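Asker: My questions are about this predicted structure, shown below with the sequence.
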Amino acid sequence: MSEPVPLLRLLREDLRVAQERDPAARSMIEVALAYPGVHALWFHRVAHRLWNSGGAARLPARLLSQLGRFVTGIEIHPGARLGRRMFIDHGMGVVIGETAEVGEDVVMFHGSTLGGVSMSKGKRHPTVGDRVLIGAGAKVLGPITLGDDAKIGANAVVVHDVPAGFVAVGVAATTRAAGAPVHDPYADPAIYI
């Protein structure tokens, strides 16, 4: 990421994106008042700025992130790096760990996790490319990479890199090129997401 975007502009962008991406959104007011995914992003955007100022500001950042978790049911560590135009739909139970890095235009559904597989220090959470879709209940675990335009199916458990444009489904997830047939050559890959 290059130069930081002014915070107020980023918060307004989060609001606009949620309204554009959710066909159920009727108005900007409704999104601002009733969308926990947007609220969680707002808590995170402020907590992340505090976290990055370092030192004594890290405790207030962590407390703010816990308040956000209490209010929204979505847990995002203030150290996680989230790109612009992210959308968390039906966000209850979403977890994003400290060393996660998320690209731009990413969509995450309820119950999905960007988590670790060890308690060691250092990079232990996923790196997610741009325009990635992470289905409901999916668990993406460890310091792996999801390439740009990857799609992670609902309830998939992903513990290996997913190349750009590929789809990962199942427990443990297997990958295939987007649009490649699984069993039925006429199956729509979207049914796995």
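Answerer: Received it, and whenever you're ready, just let me know what you need.

Asker: residue ranges with poor pLDDT in the chain?
Answerer: 1-3, 179-193 (pLDDT under 70).

Asker: what about 90?
Answerer: 1-7, 54, 91, 118-120, 170-193 (pLDDT under 90).

Asker: Run through the bridge partners of the most centrally placed residue in it.
Answerer: The chain has M108 as the residue nearest its centroid, 4.8 Å off, counting by CA atoms, centre = their mean. Following DSSP bridges, M108 is listed with bridge partners I88, I134.

Asker: where's it relative to R9, distance?
Answerer: 22 Å (CB to CB, to the nearest Å). All C-beta spots, glycine's among them, are computed from the backbone N, C-alpha and C.

Asker: same for the helix or strand encompassing V31, what does it pack against?
Answerer: Per DSSP states H and E, V31 falls inside helix 28-34. Here helix 28-34 touches helix 7-21, going by 3 or more CB pairs under 8 Å, 6 or more residues apart in numbering; DSSP states H and E.

Asker: in the helix it packs on, what's buried?
Answerer: For helix 7-21, the buried set under the neighbour-count rule, 16 or more other CB atoms under 10 Å, comprises L10, L11, D14, L15, V17, A18, Q19.

Asker: what's the answer for stretch 129-149, then?
Answerer: 129-147, 149.

Asker: What's the end-to-end length of that stretch?
Answerer: One end of stretch 129-149 sits 7 Å from the other (CA to CA, to the nearest Å).

Asker: Spit out the contact partners of H77.
Answerer: S65, I96, G97, E98, A100 (CB atoms under 8 Å, 6 or more residues apart in numbering).

Asker: Looking at these, which are in strands?
Answerer: I96 (DSSP state E).

Asker: Now G147: phi and psi?
Answerer: With angles defined as degrees, to the nearest 10, G147 sits at phi -70, psi 160.

Asker: Would you check that it makes contact with G165?
Answerer: Yes: under the criterion of CB atoms under 8 Å, G147 lies in contact with G165, with a separation of 6.8 Å.

Asker: export the helix of greatest length in the chain as PDB, just CAs?
Answerer: Using DSSP state H to define each element, the chain has its longest helix at helix 36-52. Extracted in PDB, the C-alpha atoms of helix 36-52 (Å, rounded to 0.1, in the frame of the first residue of the first chain):
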ATOM      1  CA  PRO A  36     -22.000  -4.900  11.600                       C
ATOM      2  CA  GLY A  37     -19.400  -5.700   8.900                       C
ATOM      3  CA  VAL A  38     -19.100  -2.000   8.200                       C
ATOM      4  CA  HIS A  39     -19.000  -1.200  11.900                       C
ATOM      5  CA  ALA A  40     -16.200  -3.800  12.400                       C
ATOM      6  CA  LEU A  41     -14.200  -2.300   9.600                       C
ATOM      7  CA  TRP A  42     -14.600   1.200  11.100                       C
ATOM      8  CA  PHE A  43     -13.400  -0.100  14.500                       C
ATOM      9  CA  HIS A  44     -10.500  -1.700  12.800                       C
ATOM     10  CA  ARG A  45      -9.500   1.300  10.700                       C
ATOM     11  CA  VAL A  46      -9.200   3.400  13.900                       C
ATOM     12  CA  ALA A  47      -7.600   0.700  16.000                       C
ATOM     13  CA  HIS A  48      -5.100  -0.100  13.200                       C
ATOM     14  CA  ARG A  49      -3.900   3.500  13.000                       C
ATOM     15  CA  LEU A  50      -3.400   3.500  16.800                       C
ATOM     16  CA  TRP A  51      -1.600   0.200  16.600                       C
ATOM     17  CA  ASN A  52       0.800   1.500  13.900                       C
END
